[in-house]
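In: What follows is a predicted protein model with its sequence.
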Amino acid sequence: MPDVKLPAAFHLLTGGRRQLPVEGGSIREVLTGLDRACPGVLERLMDQEGSVKRYVNVYRNDSDIRSLDGLETKVEHHDVIWIVPAVAGGSGVARAEESR
């Protein structure tokens, strides 16, 4: 079974577990299985159209699924699925003030 690694923001929903083995042959199946094991996870990951929210990154091993086959990306039992919140830069105001 693929292992899903989750950020701290999901630990309340997962009972504090940082990693869970979840069955599935594709990313979509794994995420659906994760939601069955930990209800509420899917609504934090997916939008109403059924796509991964833009501020959530999902990786199969080291590859962003957006550069693969998206939610239809195939997974193997030894794969690690990473769910990572996107990180954005600052407003630039602080940097401008620091350079003075």
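Out: Sure thing, it's come through. Numbering: from 1, shown residues only.
In: So in the protein, which helix runs the longest?
Out: If you go by DSSP state H, the chain has its longest helix at helix 27-37.
In: and the residue nearest to the spatial centre of the chain, what does it touch?
Out: In the chain, the centroid-proximal residue (Cα atoms, centre = their mean) is Ile83; its distance is 2.3 Å. Taking Cβ atoms under 8 Å, 6 or more residues apart in numbering, we find Ile83 in contact with Val4, Lys5, Leu6, Pro7, Phe10, Leu45, Val56, Asn57, Val58. To be clear about C-beta, it is placed using only N, CA and C from the backbone, and glycine gets the same treatment.
In: Surely it is in a strand?
Out: Yes - under DSSP: H, G, I helix; E, B strand; the rest coil, Ile83 sits within a strand.
In: Give me the pLDDT value at Met1.
Out: Listed pLDDT for Met1 reads 89.
In: right, and it touches Glu23 too?
Out: Yes - with contact defined as Cβ atoms under 8 Å, Met1 counts as touching Glu23 (5.2 Å).
In: just to revisit the earlier point, how close does the residue nearest to the centre of the chain get to Ala9?
Out: When distance is defined by Cβ to Cβ, to the nearest Å, Ile83 is 9 Å away from Ala9.
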